[in-house]
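Colleague: Structure of the sequence below:
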Amino acid sequence: MRFFSILLVTLLLSSCNAVPYNPTVFNYQITPHLAKDATRLKKVIIAPVNFGKPSRLYLKKRQKYIDERITSYLEANGFTVLPSHLFETHWQQATRKHGQSYNPSTGKLTKAHQTVLTSTMQALAKSTEFDGIVFTDLIERQIQFTTGTNHMARWDGVLRKPSLQGTGAGVPTDFNWAAEVDAVSLWINIIDPQLKPIFSSIGGIEVTQSINLKGSKPRFVRRRNVLSHETQIDEGIKLAFHPLIAMKRYPRKTR
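Modeller: So this is what the prediction gives:
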């Protein structure tokens, strides 16, 4: 009996350890009715604009590709994704009428932003039947690698190793691992036809800087192929949509 008791405890512990824990997982927000029944949200439109201010240019170049992977993920999980131009047409009409929603000179959203969004949603609701608008902002994060023997960066639920580019003598022992480095995360916001926020979360994707080994002093520089790692992109998407779409091996207990 004692042997079987020990075996049972071992099995239970091993099953618990099979699920990773990451304290940086974003605290998602989901409305109670959607948490109880996610089938209430099935027909969606992916907005071609950001919920917040526009993404940095080097990230914006990959936005269409990210949205394509998000579309595939949603459709594979039973969602119907309507064409984005349905939203874009009304958005353009609203900006011509009320003004631009973002001022690039100040780097901030304008006073017209909420009016443009409201006008767009009202016009869209009259012409199209949908359950929600999905905003897929690519946001920049400032992260740091650990200074121990295993240099890792951890943010928004992911764990990433540093990457190297160029040839050289390698990373010196006095390299400043504590320096802040750019990374990208996916910020998901979903609003219903009445403009009520019903879901919001963030999933980390990748570090957008590598250690350049050229020269006498290696340093962090922008990676050549940002947002090209499909596995990391898909992990970020899964994190950002949990628990709306349950993620296997989610690195924290679901609330």
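Colleague: Could I get the full set of strands for the chain?
Modeller: 29-30, 43-46, 80-82, 102-103, 108-109, 132-143, 153-155, 158-160, 164-165, 181-191, 197-207, 209-212, 219-222 (DSSP state E).
Colleague: Comparing the ones you listed, which yields the minimum mean pLDDT?
Modeller: Per-stretch mean pLDDT for these is lowest at strand 164-165 (a mean of 89).
Colleague: Next, the residues that contact that strand from outside, please.
Modeller: Residues from elsewhere that reach strand 164-165 (Cβ atoms under 8 Å, 6 or more residues apart in numbering): 171, 210-213, 221, 223-224. Every C-beta, even on glycine, is put in place using the N, C-alpha and C of the backbone.
Colleague: quick one on the thing from earlier: mind checking which of the strands of the chain is nearest residue 68?
Modeller: Judged by Cβ to Cβ, the one of the strands of the chain that comes nearest to residue 68 is strand 43-46, at 9.5 Å.
Colleague: which helices and strands does the closest one pack with?
Modeller: Contacts defined by 3 or more Cβ pairs under 8 Å, 6 or more residues apart in numbering; DSSP states H and E place strand 43-46 against helix 63-76, strand 80-82, strand 132-143.
Colleague: Buried deepest among the ones you listed, which one?
Modeller: Most buried of the helices and strands packed on strand 43-46, by mean neighbour count (mean count of other Cβ atoms under 10 Å): strand 132-143, with a mean of 20.
Colleague: and the gap between residue 106 and residue 243?
Modeller: To residue 243, residue 106 is 37 Å away according to Cβ to Cβ, to the nearest Å.
Colleague: more crowded one of these two?
Modeller: For residue 106 versus residue 243, the count of surrounding residues by other Cβ atoms under 10 Å is larger for residue 243: 16 against 9.
Colleague: what's the nearest residue to residue 49 if we skip its chain neighbours?
Modeller: residue 91 (6.2 Å; Cβ to Cβ, 6 or more residues apart in numbering).
Colleague: ah, wrong one, I meant residue 50
Modeller: residue 137 (4.5 Å).
Colleague: And residue 71, by the same measure?
Modeller: Spatially, and ignoring its direct neighbours in sequence, residue 71 is nearest to residue 81 (4.9 Å; Cβ to Cβ, 6+ apart).
Colleague: swap in residue 108?
Modeller: Leaving aside its chain neighbours, residue 108 sits nearest to residue 53 (6.8 Å; criterion: Cβ to Cβ, 6+ apart).
Colleague: about what we covered before: my guess is the residue nearest to residue 49 contacts residue 122, does it?
Modeller: No - contact between residue 91 and residue 122 fails when scored by Cβ atoms under 8 Å: they sit 12.0 Å apart.
Colleague: So for these two, which sits in the more crowded spot?
Modeller: A direct count of neighbours by other Cβ under 10 Å for residue 91 and residue 122 places residue 91 higher, at 23 against 14.
Colleague: so what's that one scoring on pLDDT?
Modeller: Among the per-residue scores, residue 91 shows a pLDDT of 98.
Colleague: Check residue 149 too.
Modeller: 78.
Colleague: that older thread, quick one: which of the contacts of strand 164-165 is nearest residue 230?
Modeller: Closest approach between the contacts of strand 164-165 and residue 230, by Cβ to Cβ: residue 223, at 15.1 Å.
Colleague: burial count for that closest one?
Modeller: Neighbour count for residue 223, taken as other Cβ under 10 Å: 19.
Colleague: re the thing from before, what bridges to the residue nearest to residue 50?
Modeller: residue 187 (DSSP bridges).
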